[in-house]
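> below: sequence and its predicted model.
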Amino acid sequence: MALAQTQVLEESVAETRLNLAGREVALDPAGALFDPQTRTLVVADLHLEKASSFARRQVFLPPYDTAATLTALTGLVLRRRPRTVLCLGDSFHDGEGAARLSAQDAARIAALQAGRDWVWIAGNHDPAPPAGLGGDCCAQVQIGPLAFRHEPTCQDGAKGKMKGEVAGHLHPSAKVSRRGRSIRRRAFVTDKERLVLPSFGMLTGGLNVLDRAFQTLFPPFAFTAFVLGEKRLYPVAPASLRPD
Amino acid sequence: MRMTAPVPIPAAADTLLPERFRRWFAARGWSPRPHQLSLLSHARAGRSVLLIAPTGAGKTLAGFLPSLAELAEQDLQGMRDREFLGPHTLYVSPLKALAVDIQRNLAMPVAEMGLPIRLETRTGDTPAHKRQRQKLHPPDILLTTPEQVALLLAGKDAERFFARLSTVIFDELHALTTSKRGDLLSLGLARLRRLAPKLKTIGLSATVAHRDDLRAFLVPQHPESARNLAEMVVVREGTRPDLSILHSKERIPWQGHTARYALGDILAAIKAHRTSLIFVNTRWQAEMLFAELWRINEEALPIALHHGSLDRGQRRKVEAAMAAGTLRAVVATSTLDLGIDWGDVDLVIHVGAPKGASRLAQRIGRSNHRMDEPSKGLLVPSNRFEVMECQAALEASLEGAQDTPRLRRGALDVLCQHILGMAVAAPFDAVSLYEEVISAESYRDLAFEDFEQAVDFVATGGYALRSYERYAKIKKRKDGLWALAHPRLAQQYRLNLGTIVEAPMLTVRLAARRGGKDGRPGAQGPAGGRGGRVLGQVEEYFLEQLVPGDTFQFAGQVLRLEGIRENEALVSRAEAQDPAIPSYEGGKFPLSTYLAAGVRAMLADPQSWEKLPGQVRDWLSLQRQKSALPPRDALLIETFPRADKFYMVAYPFEGRLAHQTLGMLLARRLERARARPLGFVANDYALAVWALRDLGALFAAGTPSLAALFEQDMLGDDLEAWLAESYLLKRSFRNCAIIAGLIERRHPGEEKTGRQVTISTDLIYDVLRSHEPDHILLKATRADAATGLLDIARLGEMLSRIAGRIVHQRLTRVSPLAVPAMLEIGREPVFGEAQEDLLAEASDELIREAMGAGETEAGFGLGANTGVRGERGRDAP
């Protein structure tokens, strides 16, 4: 597999350029995809209001996840200045999440939406559009050869159908072990035909890219995990990855 | 329980002991010992008492005599017929096995005296129907563990159940109080005292450094007044142990923990004695030593292995064989430290560093369980530094010096767990619960604000952003009492109770034989079939580092990992001779401050070297000649170039944990000083840091000066910054979060996949640190770090001791004393925060692969990861 190009952006954050199903896109180390032609920023699995969702079952996670996720998203939006923001589903941890937003967080979302198109793609956690928030809702968005949806489609159908699919849902994470230490980080997974984005939400866990769930999406050994680093992505081959 | 030869019964016994007891003692030709009688008289007067006695002093019987005597005088049957009768005595021990052992030993005298006393154990292994019966028909004496006490106290009927309680006996109190279990127990005791105000306690302990800590633990405290102390009865050590250090003709290695050089000597010692107990510090050492001994055990002497990860059935077998006297030696870890009766052990061999004087004394005390014969111990140092440590421990033992730690300050996460438990039992009033809590010695200094914070945490997570009020676990009712919000939470509490958070473990199971090899049909499935024998459990993190096909030493054999399936690691017996041995965590017990001081004093005083073996003496003399000896109260730092790097070796002698912390902090500072540090390693005695720039020249030029480098303020901002990333602290946080009840335990057998729905404590930690740095769980984590994993407290003392007293030796080459630390390089994982470097390395592999190399490896990689490698291995030649 030819290596993707790495390009340094401002603040010395390096994006990774990738030819995905014939379209050049940029993978951002913050865990987002950027389509330069349409200036579309894509983030997956924000899981806003996850902590408050757990609180309903008396598990009291720090109630700062929404604010922290929105802060990260704001930073990304300021850096990328997208014309469109595409949230790839599971933007809220549950159907009532939007209703539990604090007024402050709701205002921050409105501020992010101002002056640009905003699309909520339906996810399994949030099949219905978030109540009381702006933005359009749909199940899927097509940009050129790329089809953006929440859940990746399994491989058993005709292979050609999956070409250009960009999805989230699985929260891919990659684990690398070296010298008796291991690191587990969020990652993009791609075979250059399709791509799964890492989860963007602050309190979201990850699923190891060697898990069975990914085997039906990518041919064995023929994918790359782009592991999120502080300032850049690290492409790692399956041979160097570890299961959990 | 053994007694000594007949002694005339002291006059006091006539009045203190019921007739039946005197007859029973007399019939065996025994007599009660003075300390047993003093305990009896204290108990008669309703006083709590601490008994300090060496092993074999009849400590356990002494603890039970008062209860047995009291019960013997009661009409138990009649009382039971008339009313519900809760337990009279609670016996709490740190080990389940100990409770079972005591029951066996106590049942004998009870039966022989014809006492209608009911004795039962209640541990995590007790079946549910028996536990249920025990609640309805409690025994007179209940033998149990701290966790079970907490469970009983959280019962709805706790008040009725404990109303009759007269005595609590704490066995091995010195061991119970050193961990969070002791915190939980101290809170439980405070509650028991509330339920049974006349309650008296009896603490049984080995010799400790701070007796008053334990005496205070046993009785209620009034924080404003001076410490309340229980009575104390001390049995003097019978005879000093007969302790020696192995003087081998073989070369003592510079470094390492295998003691391979001494195998012949160890086997000879086993042959020369009836039964030997061989103690090592880690399971890794136990496995290694056991395998090595069998390699040279030509006479096939029965030598067994015992450590906490082995299958329970296997351990019980070894214990039974030991008690029956059919074994010549057992290689064991700390699982055998405590007072289980071990038959006639006539030699204790301690292999490796003793770590602490008291710890060694307790282990040596396992031999010759009799007061009138000296315990016999042989110390086998595994490297040259350990020779000095052994010598220091030997001298401490002759002086009877003790170095057990002070009583812990009660942990906040344990308090949170206890508060929920108390709400499960009954609605509580915050102020009166606070008063109860601070009556426990461990919590006497707890501020009301911290207590309120804990209540707040239990209720809604304790966040400044009060957004969870409507989901609260406990709610303040109109009458001012805090009550559980939902009965379901009681079940949740019971499932998560306890303070021991085990590292996730995988069961190690022998896979059924594979087809092909022996002609039997191949098993189904990717990695051999199931149905093989369970060998024990190994930490998940260790197995995660292995790839199917890797070999490791476990349960006394070399095993080959076939694959991991759910919660099981399937293995086969390997023919390999040199396994990738499990590197179980080694630094659990750091070198005690006391022994460290002993070693420093020895180094600084060449006169004292005559006690040391010639090779060690020569080594130290050479050090004096080539560099300098570490001064007693100052810090020696050596710098030298080697190959293309520059090294700094420091000799603080503060134990590995403190050194690791120090190493990380120094690396940060050197980084800022642009010295380009690359890594460091630490052992119990020294630490080595290496860098790309000439550290000696930098220090000489004062860029930075050593004084600035070791400035105490490194424990401020640098520490704070490093803690943010420290995986040790994250692990510590996870434990606190589980104990406090923020997240639930992962119970054995539960799904381990689907991590995207589970909550990562690392993420919670990051969010808390940035949003609520004063959250109670972060306070609890920092407290743990100060004393536990990071040993920051000890590091702080060291930095202040050596301030202005740093001796710098600029050398042209490595010094003799530096060799052991240097040899650790590459063997120990390099700590540090170079996470991105690891990723970059993994990423570089991709580049190599892209250049056309390593394709076969790639082919194996995924197979291994998905568990199909076993299958591939079968097909491949």
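Nice, I can see it.
> CA atoms of the longest strand seen in chain A as CSV?
Using DSSP state E to define each element, chain A has its longest strand at strand A:181-190. Extracted in CSV, the C-alpha atoms of strand A:181-190 (Å, rounded to 0.1, in the frame of the first residue of the first chain):
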residue,chain,number,x,y,z
ARG,A,181,4.4,-1.1,27.0
SER,A,182,1.3,-0.7,25.0
ILE,A,183,-0.7,2.2,23.8
ARG,A,184,-4.3,2.1,22.8
ARG,A,185,-5.5,5.1,20.8
ARG,A,186,-8.4,6.0,18.5
ALA,A,187,-7.7,5.4,14.8
PHE,A,188,-9.1,5.7,11.3
VAL,A,189,-9.3,2.4,9.5
THR,A,190,-9.2,2.3,5.7
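> how far off centre is the strand or helix carrying B:Val616?
Using DSSP states H and E, B:Val616 falls within helix B:614-626. In this view, helix B:614-626 has its centroid 35 Å away from the chain centroid, taken as CA atoms, centre = their mean, to the nearest Å.
> what packs against it?
Helix B:614-626 sits against helix B:384-399, with contacts defined as 3 or more CB pairs under 8 Å, 6 or more residues apart in numbering or on different chains; DSSP states H and E. Placement of C-beta: from N, CA and C, glycine included.
> is the next helix or strand after the helix it packs on anywhere near chain A?
Sequence order places helix B:412-425 as the next helix or strand after helix B:384-399, per DSSP H and E. No. Remark: helix B:412-425 sits outside contact range of chain A, by CB under 8 Å from any CB of the partner chain, the gap being at least 10.5 Å.
> so how far is helix B:412-425 from its chain's centroid?
23 Å.
> would you mind writing the CA trace of that helix as CSV?
Output of helix B:412-425 as CSV, limited to C-alpha atoms (Å, rounded to 0.1, in the frame of the first residue of the first chain):
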residue,chain,number,x,y,z
LEU,B,412,-11.5,8.3,50.9
ASP,B,413,-12.6,5.8,48.3
VAL,B,414,-13.1,3.2,51.0
LEU,B,415,-15.1,5.8,53.0
CYS,B,416,-17.4,6.3,49.9
GLN,B,417,-18.0,2.6,49.7
HIS,B,418,-18.7,2.4,53.4
ILE,B,419,-21.2,5.3,53.3
LEU,B,420,-23.2,3.6,50.6
GLY,B,421,-23.1,0.4,52.6
MET,B,422,-24.5,2.2,55.6
ALA,B,423,-27.3,3.6,53.5
VAL,B,424,-28.1,0.1,52.3
ALA,B,425,-28.3,-1.0,56.0
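> taking helix B:412-425 as reference, get the angle to the very next helix or strand once past that helix.
Counting by DSSP H and E, the next helix or strand C-terminal to helix B:412-425 is helix B:430-438. Angle, helix B:430-438 to helix B:412-425, by axes from the mean of the first three to the mean of the last three CA atoms, to 10 degrees: 130 degrees.
> distance between helix B:430-438 and the chain's centre?
Using CA atoms, centre = their mean, the offset of helix B:430-438 from its chain centre is 30 Å.
> buried sites along that helix?
Applying a neighbour-count criterion of 16 or more other CB atoms under 10 Å in any protein chain shown, one finds B:Ala430, B:Leu433, B:Tyr434, B:Glu435, B:Glu436, B:Val437, B:Ile438 buried in helix B:430-438.
> what of stretch A:29-42?
Buried residues in stretch A:29-42 (16+ other CB under 10 Å): A:Pro29, A:Ala30, A:Gly31, A:Ala32, A:Leu33, A:Phe34, A:Asp35, A:Thr40, A:Leu41, A:Val42.
> let's see which of those residues end up in strands.
With DSSP E as the criterion, strands contain A:Ala32, A:Leu33, A:Phe34, A:Asp35, A:Thr40, A:Leu41, A:Val42 from among those.
> state the pLDDT value of whichever residue of chain B sits closest to chain A.
Using CB to the nearest CB, B:Gly461 is the residue of chain B that sits closest to chain A, at 2.6 Å. Note on B:Gly461: pLDDT of 95.
> count of residues packed around it?
Neighbour count of B:Gly461, defined by other CB atoms under 10 Å in any protein chain shown: 30.
> next up, the contacts around the closest residue to it other than its chain neighbours.
Among residues not flanking B:Gly461 along the chain, A:Phe60 sits closest, at 2.6 Å (CB to CB, 6 or more residues apart in numbering or on different chains). Neighbour list for A:Phe60: A:Ala51, A:Phe54, B:Phe457, B:Thr460, B:Gly461, B:Gly462, B:Tyr463, B:Tyr468, B:Tyr471, B:Lys473, B:Leu742 [criterion: CB atoms under 8 Å, 6 or more residues apart in numbering or on different chains].
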